[in-house]
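Asker: Next comes the sequence, and after it the predicted model I'd like to discuss.
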Amino acid sequence: MHLPLIISRFSNLLFFVQKTNQVRLTGFNLQKYLADNVDISFYGKSEDEIWKQIGKSIEKQNTEQFKKAIVPIKPIFASHWQKAFKNLLSWKQYFQGNSELFEQVILDIKKLSGTNHFLLSKIPIYLVSDFRSNDKDINAWFSWMPKQSFIVVEIPFGLKVSSGLFQLGVLAHEFFHLILKQNKNLVLRINQIVEENRGLFEKLSKGDILDKMFFEELLVSSFIPEGYLSKKYFDLKIATDIFSSKDLLDWRRSVAFKMQQTAKKYISNARQIDKEYLEQLITVIKENAK
């Protein structure tokens, strides 16, 4: 199948501007605006569409300042873009080359979510180069709206294409979030559990992430990329060297380890995530929080 992978020069330019400290407007902080409205860089598939969205959110005067401010940074970006584009193209080929395997993973995710009407081809996947990141792996996030959703994959500048399949799991993790949202009853059940355990999640999230998203992150990670789905499709080992849950990544790995047998049972039996699974997940979280 064909994955809707997009390498947009203009979206990469705006992402570059957001990360650089070379642009500052009098009375209008361009970097802060782009950081606070990071989605804006990816609305629409053309430069005109993105400018239209920017124009809706800021005053016309600021839009003109915006356009003028990025003019001097374009030559700097151009030198960066020549190498970045080649690397992004390699990553695009990596994802596309593994698209059939990825589709199999998505089918299992749809079963787990109780969702039949989700078209993978309708969700744009934007690839952007992050020249300031020293991370040794990609980062990804999703934007969800009823009429327009997309996924952004941030790739550290110069990061070579992996010979493994973990990165497919990272992408599938973000799709899992979007697919979950198609099942309104499941979303309501998740919200109810979070509300019933509000104190617990406020303590664990420390205000760095919304309580609901903290729980949803652990739910999705109990399957992928840290959990059993990655073991099934990518032959990746589930981490066992977790001594304490200090941050979200630790929590994700710990939950994946402790939920792996239950996750395997649900996947093997094509069983939808239900009250029983969610309650077991809460039990694991409470035990780890002691």
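Answerer: Received the coordinates, thanks. Numbering: from 1, shown residues only.

Asker: Surely Leu219 forms part of a helix?
Answerer: Yes - counting by DSSP: H, G, I helix; E, B strand; the rest coil, Leu219 is located in a helix.

Asker: how about the nearest residue to it once chain neighbours are set aside, what does it touch?
Answerer: Spatial nearest neighbour of Leu219, chain neighbours left out: Leu281 (6.2 Å); criterion: CB to CB, 6 or more residues apart in numbering. Where C-beta positions appear, they are placed from N, C-alpha and C, glycine not excepted. If you count contacts by CB atoms under 8 Å, 6 or more residues apart in numbering, Leu281 has them with 218-219, 222, 255, 259.

Asker: from those residues, which is closest to Glu202?
Answerer: Taking CB to CB as the measure, Glu202 lies nearest Leu218 of the contacts of Leu281, at 14.9 Å.

Asker: Show me how the chain divides into domains.
Answerer: 5-156, 184-289 (automatic domain parsing).

Asker: So in the protein, which helix runs the longest?
Answerer: helix 74-97 (DSSP state H).

Asker: quick one: buried residues of it?
Answerer: 77, 80-81, 84, 87-88, 91-92, 94-95 (16 or more other CB atoms under 10 Å).

Asker: now for it, which elements pack on it?
Answerer: strand 5-6, helix 9-19, strand 125-130, strand 150-156, helix 166-180 (3 or more CB pairs under 8 Å, 6 or more residues apart in numbering; DSSP states H and E).

Asker: got a list of contacts for that helix?
Answerer: 2-3, 5, 7, 9, 12-13, 16-17, 20, 22, 102, 125, 127-129, 131, 138, 153, 155, 157-162, 167-168, 171.

Asker: and what of stretch 268-279?
Answerer: So stretch 268-279 is contacted by 111-114, 186, 189-190, 193, 219, 262, 265-266 (CB under 8 Å, 6+ apart).

Asker: Check these against Ser57 and report the nearest one.
Answerer: In terms of CB to CB, no member of the contacts of stretch 268-279 lies closer to Ser57 than Ile190, at 29.9 Å.

Asker: Would you mind measuring the gap between the ends of stretch 173-187?
Answerer: End-to-end distance for stretch 173-187: 16 Å, by CA to CA, to the nearest Å.
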